[in-house]
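Engineer: The following comprises the amino acid sequence and a computationally predicted model.
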Amino acid sequence: MNMNFSRRDFLRLSGAGVMATSLSGWMNVLATRAAETGLKSHKSCVLLWMDGGPSHKDTFDLKPGTPDAGEFNAIPTSVPGVQISEHFPRLAKLMDHGAILRGMSTSEGAHARAKYNMHTGYREGQGGLVYPSIGSIAAAELGDPKTPMPNFVSIGARSFGSGFLGPRYQPLTISNPAKGVENLKAAVSDGEFNERIGLLEEMEVGFYKDYKASSIEAHQTTYQRAVDLMKSKEIKAFDLSQEPEKVRGDYGNDPFGQGCLLARRLLEVGVRFVEVSLGGWDTHQDNFDKVKSLSSKVDPGMSALISDLKARGMLDDTLIIWMGEFGRTPKINNKGAKPGRDHYPRAWSTVLFGGGIKGGQVIGKTDKEGANVEERKVSTIDFMATVCTILGIDHNKVNQTPIGRPIRIVDKGANPVKELLG
């Protein structure tokens, strides 16, 4: 059962006249972590997800002067000797705060399986389980159980959810960052709301007592989250109209740029994990025009986010990840009217900023064609363990499935990239 928390859930609540007030009964019972004291880490994470798989040779691992190098020039960055694509001019000036992992080498070359693998660290169907995504893991491990705000927000597209961790750690999905979360205001008075929510509570308790189905608990949890959010003063964070026009323009007047701005606002009110998606990177045809256009969206949005967090003293506490599900082939294909690149998980790049990492470095190296990793190969579980370590999450921790099966946050054998750690 997909329990991603969407606009439809709010519409149902609004139609029923449900709005903000204090609640009791099952809403308190379902706050399973309310008794926990303190947060395990003060860090947060923004995942900038490049859906479709961006070409490493046309972004962060250019091979100028070699066959199939492509159309783009490499430009210097703020780190001597480190070059990236000419279509990231603002980001180039900030590379002293970031690190490029050029040794990514993973096993899944199909979109759906690779996306699942890079979000969860596990292969789809492995062990017959649905595994939690890194966003849900962060929500569970880092989030404040008492906050009315969701601890995981996905902007621009639905992300992978909480798997066996349960509905409490599902992401709140925002399709359009400019509109935020719609339909939060109900049409009845506080008193009438109290009556309606009280009746709903009685019905839910009775029904759950009789049937004790997990789907009922999931339903209750979803509506609990909705009501808590509706009564929260922090919901103003979703309103981008409160930002000056100059700031909004600095991020880029497109959904990705505005998503990055919304991510910053959500971090400021305590949201622990935000994913912002930018699709279109599946460039089997017309690779160079598409990558140029997409890079022109990434550069202002990502750069403004980094600069803004730095200015606010938040960058060291916020890990920013730029990545997709894999890279693209080093060789150019000529299948269509304009050349493209195909799927390629054997060698590709990810980029990390902030989070207290040692910036200003490139870790890993591909050969002269960008086809194979020659130095510091990083697998999926290595990468997941690295992200967890940076965020202060014990990647060796074992969680229990609903039937008591022990599952590690990251599968055994992971080798975190220690060169990143301060």
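Structural biologist: Good, I have the coordinates.

Engineer: what are the ranges of the helices in this structure?
Structural biologist: Applying DSSP state H to the chain gives helices spanning 7-15, 26-29, 89-92, 111-120, 134-142, 190-211, 214-230, 245-251, 255-268, 287-311, 380-391.

Engineer: mean pLDDT lowest for which of those helices?
Structural biologist: In terms of average pLDDT, helix 26-29 trails the rest of the helices of the chain, at a mean of 34.

Engineer: Could you give the bridge partners of the residue minimising distance to the centre of the chain?
Structural biologist: For the chain, the residue nearest the mean C-alpha position is residue 275 (2.7 Å; C-alpha atoms, centre = their mean). Assessed by DSSP bridges, residue 275 has beta-bridge partners residue 47, residue 154.

Engineer: With residue 84 instead?
Structural biologist: Counting by DSSP bridges, residue 84 forms beta bridges with residue 75.

Engineer: How many residues are close by it?
Structural biologist: For residue 84, the neighbour count with other C-beta atoms under 10 Å is 25. From N, CA and C alone the C-beta is placed, and that goes for glycine too.

Engineer: ok, back up a step: does the residue nearest to the centre of the chain touch residue 47 like I think?
Structural biologist: Yes: between residue 275 and residue 47 there is a contact under C-beta atoms under 8 Å: 4.4 Å.

Engineer: thinking again about what came up before, what's the pLDDT at the residue nearest to the centre of the chain?
Structural biologist: 98.

Engineer: Residue 42 touches residue 318, doesn't it?
Structural biologist: No: using C-beta under 8 Å, residue 42 is not in contact with residue 318; the gap is 10.1 Å.

Engineer: Give me the below-cutoff pLDDT ranges for the stretch 51-200 of the chain.
Structural biologist: Applying pLDDT under 70 to the stretch 51-200 of the chain flags residues 182-200.

Engineer: about what we covered before: okay, residue 42 and residue 318: which has more neighbours?
Structural biologist: Just comparing residue 42 and residue 318: by other C-beta under 10 Å the higher neighbour count belongs to residue 318, 25 against 10.

Engineer: quick one: that one from residue 54, how far?
Structural biologist: Residue 318 sits 22 Å away from residue 54, going by C-beta to C-beta, to the nearest Å.

Engineer: Ok, residue 280 next?
Structural biologist: According to C-beta to C-beta, residue 280 stands 10 Å off from residue 54.

Engineer: Now the common contact residues for these two.
Structural biologist: residue 294 (C-beta atoms under 8 Å, 6 or more residues apart in numbering).

Engineer: Looking at these two, which has the bigger crowd around it?
Structural biologist: The residue with more neighbours, out of residue 280 and residue 54, is residue 54; 31 against 15, by other C-beta under 10 Å.

Engineer: OK, contacts around that one?
Structural biologist: So residue 54 contacts 281, 291, 294, 324, 327-328 (C-beta under 8 Å, 6+ apart).

Engineer: Need the max-distance pair from the residues you listed.
Structural biologist: Between any two of these, the greatest separation by C-beta to C-beta is 14.3 Å, found for 294 and 327.

Engineer: which one of the two has more residues nearby?
Structural biologist: Higher neighbour count among residue 294 and residue 327: residue 327, with 30 against 22, using other C-beta under 10 Å.

Engineer: Please name the nearest non-neighbouring residue to the more buried one.
Structural biologist: Among residues not flanking residue 327 along the chain, residue 348 sits closest, at 2.7 Å (C-beta to C-beta, 6 or more residues apart in numbering).

Engineer: for that neighbour, which residues make a bridge with it?
Structural biologist: The partner residues for residue 348, given DSSP bridges, come to residue 104.

Engineer: Please report the distance of it from residue 358.
Structural biologist: 21 Å.

Engineer: Comparing these two, which shows the higher neighbour count?
Structural biologist: More crowded of residue 348 and residue 358, by other C-beta under 10 Å: residue 348, with 30 against 12.

Engineer: My read is that residue 45 contacts residue 355, right?
Structural biologist: Yes: assessed by C-beta under 8 Å, residue 45 is found in contact with residue 355 at 7.4 Å.

Engineer: shared neighbours of those two, anything?
Structural biologist: With C-beta under 8 Å, 6+ apart as the test, residue 45 and residue 355 both reach 318-320, 391.

Engineer: Now for those: which two are most distant?
Structural biologist: 320 and 391 (11.8 Å).

Engineer: what touches both of these two?
Structural biologist: 45, 355.

Engineer: hmm, back to that, for the residue nearest to residue 327, give me its contacts.
Structural biologist: Taking C-beta under 8 Å, 6+ apart, we find residue 348 in contact with 53, 56, 61, 104-106, 326-328.
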